[in-house]
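S.K.: the following block contains a protein sequence and its predicted model.
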Amino acid sequence: MAKMEVDRRTFAQIVAMALGAATLPSLPAWAQGPAAKKRNVIIGHTGITWPSRPPGAPAPVRGGGAGAPGGGAPAAAPGGSAPAAAGGGAAAPAAGGQVRGGGGAPGAPGGGRGRGGGAQQANPEASELIFKDVSSNGFAGLELFDYQIRSLETQGLLAGLVEKYKLPLISSYTTINLTDPAQRAATIEAAVNVGKILKKHGGKTIVIGPTSRNINGAGAQAYNYSEHKANIVATLNELGKQITDIGLIAALHQHTGTAVETRDETYQTMEAVDTRVVKFGPDIGQLQKGGVDPVEVVKYFLPVVQHMHFKDWVGGPSMAGYCALGLGKVDLVGILDLMEGRKLDGMIMVELDSGGQMPYTATEAAKIAHDWLVAHGVTMKA
């Protein structure tokens, strides 16, 4: 099926039709796709699309400064560098939205994408909405930021949410400082600690989010991967070993604006690490955004692909250029074909970044994703 550029007005109209209809046939033919065969894949969802606090709720106060998702401007990374937003550039989040970035205090308690140095607290009401929406749309598992997992566990809420919504907590997105050997022990310790919480609740995967390529305020353009490759590989191997030792897997997530961003950086890293303990968890939307064919990359690394962020990219003004499934340029069907019948240690996770003027809510976005998957042969949880 040919891909199609979608402006904001068309995008909103399609969303409205999808949400207002009882069945998918109300969608335009190009958005429905061909009649799909029944697929043997298991699909979850990450929590990044949902606001980190209810609308109108005040931003939390932290001893370590601003930087929690939805809590204000992200704190500077070590050395004074500002963390990159999704896509490596500035991206204003929606109110209370969660911002991805490669910065933040490595290994700091409560860290995550767009994290700051303070101990961040997950809002109970906002967190429950994530569980409710993901579960009610039939997704098989959930991925949260490490700060959310740690905070909900500290508040005594995590087990109750998993049980109430019958939604397995599969993975934690955990920012790891890959370039500074002085931070290696601390950043690995923080990941192992959240991994122990994850395992307690049946989780499987630590998703490794590299820190920013803007090191010591030098700017991202000054970053030289070759100068940091040895430290990147050494940290990944040690992290992977320790995560494997507690019964989980560690999966590298290449990320725009971070120390492992480009096609060459991704290939060099994955070809150098010990893949017995370091798996690959590609973000196919970010590959497309970087001008790389996601199908080519996933196919090349298929034996070690054990987790995935499954998302589309169109290059529009909202959500760092990402979009609802099927409205962008990613060959999603080609990816599903590659993943067909594969038994993963992690899970394929639908994802849609928040940010900018979102044309729909996170709740609506989850429903759109559900409908696209069903239309393409994926059986969702009842």
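M.R.: Received it, and whenever you're ready, just let me know what you need.

S.K.: what residues sit buried inside stretch 193-208?
M.R.: Buried positions in stretch 193-208, judged by neighbour count with 16 or more other Cβ atoms under 10 Å: N193, V194, G195, I197, L198, H201, G203, K204, T205, I206, V207, I208. C-beta coordinates here come from the backbone N, C-alpha and C atoms, glycine included.

S.K.: burial measure for the nearest residue to L157 once chain neighbours are set aside, as a count.
M.R.: The spatially closest residue to L157, leaving aside those adjacent along the chain, is P124, at 5.9 Å (Cβ to Cβ, 6 or more residues apart in numbering). Per other Cβ atoms under 10 Å, the neighbour tally for P124 reads 14.

S.K.: can you tell me how far Q254 is from V194?
M.R.: Q254 is 21 Å from V194, where distance means Cβ to Cβ, to the nearest Å.

S.K.: distance between stretch 225-238 and the chain's centre?
M.R.: Its chain's C-alpha centre and that of stretch 225-238 lie 22 Å apart, by Cα atoms, centre = their mean, to the nearest Å.

S.K.: same deal with stretch 263-274?
M.R.: Offset of stretch 263-274 from its chain centre (Cα atoms, centre = their mean): 20 Å.

S.K.: that one: which residues count as buried?
M.R.: Within stretch 263-274, the residues that count as buried by 16+ other Cβ under 10 Å are E265, T266, Q268, T269, M270, A272, V273.

S.K.: the third one contacts K229, doesn't it?
M.R.: Yes. Contact status for Q268 versus K229: in contact at 6.6 Å, counting by Cβ atoms under 8 Å.

S.K.: the longest helix seen in the chain - contacts with which helices or strands?
M.R.: Ordering each helix of the chain by length in residues (DSSP state H) puts helix 225-245 first. On a contact count with 3 or more Cβ pairs under 8 Å, 6 or more residues apart in numbering; DSSP states H and E, helix 225-245 meets helix 184-200, strand 205-210, strand 249-252, helix 263-272, strand 278-280.

S.K.: per-residue confidence averaged over the fourth one?
M.R.: The one in question is helix 263-272. Averaging pLDDT along helix 263-272 gives 97.

S.K.: keeping just the C-alphas, turn the strand ranked longest in the chain into PDB.
M.R.: Longest strand of the chain, by residue count under DSSP state E: strand 169-176. The C-alpha coordinates for strand 169-176 follow below in PDB (Å, rounded to 0.1, in the frame of the first residue of the first chain):
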ATOM      1  CA  LEU A 169       4.700  -4.900  33.700                       C
ATOM      2  CA  ILE A 170       7.100  -6.100  31.100                       C
ATOM      3  CA  SER A 171       9.900  -3.500  30.800                       C
ATOM      4  CA  SER A 172      11.600  -0.400  32.200                       C
ATOM      5  CA  TYR A 173      13.000   2.300  30.000                       C
ATOM      6  CA  THR A 174      16.200   3.100  31.900                       C
ATOM      7  CA  THR A 175      18.700   5.800  31.000                       C
ATOM      8  CA  ILE A 176      22.300   4.600  31.200                       C
END
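
S.K.: that strand - what's its average pLDDT?
M.R.: Within the predicted structure, the mean pLDDT of strand 169-176 is 98.

S.K.: list the neighbouring strands of it plus their orientation.
M.R.: Using DSSP bridges, the strands paired with strand 169-176 in its sheet are strand 142-145 (parallel), strand 205-210 (parallel).

S.K.: OK, contacts around the residue nearest to L157?
M.R.: For P124, the contact set (Cβ atoms under 8 Å, 6 or more residues apart in numbering) comprises L152, Q155, L157.

S.K.: Q286 is in contact with V297, correct?
M.R.: No. At 10.6 Å, V297 does not count as touching Q286 under the criterion of Cβ under 8 Å.

S.K.: neighbour count: those two, which is higher?
M.R.: Using other Cβ under 10 Å as the criterion, V297 and Q286 rank with Q286 on top: 29 against 22.

S.K.: that one touches Q254, doesn't it?
M.R.: Yes. In this structure, Q286 is within contact of Q254 by Cβ under 8 Å, at 6.7 Å.

S.K.: if any of the contacts of P124 are buried, put those into a PyMOL selection.
M.R.: With 16+ other Cβ under 10 Å as the criterion, this PyMOL line picks the buried residues out of these:
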select buried, resi 152+157
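
S.K.: now the contacts of P124 in JSON lines, with secondary structure, distance to P168 and pLDDT?
M.R.: Below are those laid out as JSON lines (DSSP: H, G, I helix; E, B strand; the rest coil; distance: Cβ to Cβ, whole Å; pLDDT from 0 to 100):
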{"residue": "L152", "secondary structure": "helix", "distance to P168": "15", "pLDDT": "98"}
{"residue": "Q155", "secondary structure": "coil", "distance to P168": "20", "pLDDT": "97"}
{"residue": "L157", "secondary structure": "coil", "distance to P168": "16", "pLDDT": "98"}
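
S.K.: from the contacts of P124, pick the one nearest A250.
M.R.: Taking Cβ to Cβ as the measure, A250 lies nearest L152 of these, at 21.6 Å.

S.K.: which residue is the nearest non-sequential neighbour of that closest one?
M.R.: Leaving aside its sequence neighbours, L152 sits nearest to L158 (Cβ to Cβ, 6+ apart; 4.1 Å).

S.K.: from G355, how far off is that neighbour?
M.R.: For L158, the distance to G355 equals 26 Å [Cβ to Cβ].

S.K.: the more surrounded of those two?
M.R.: Shown here are L158 and G355; by other Cβ under 10 Å, G355 has more neighbours (27 against 24).

S.K.: give me the phi and psi angles of that one.
M.R.: Backbone torsions of G355, given as degrees, to the nearest 10, read phi 130, psi 150.

S.K.: I figured it was touching M319, is that so?
M.R.: Yes. G355 lies in contact with M319 (Cβ under 8 Å); the separation is 5.3 Å.

S.K.: before I go, just wanted to say thanks for your time.
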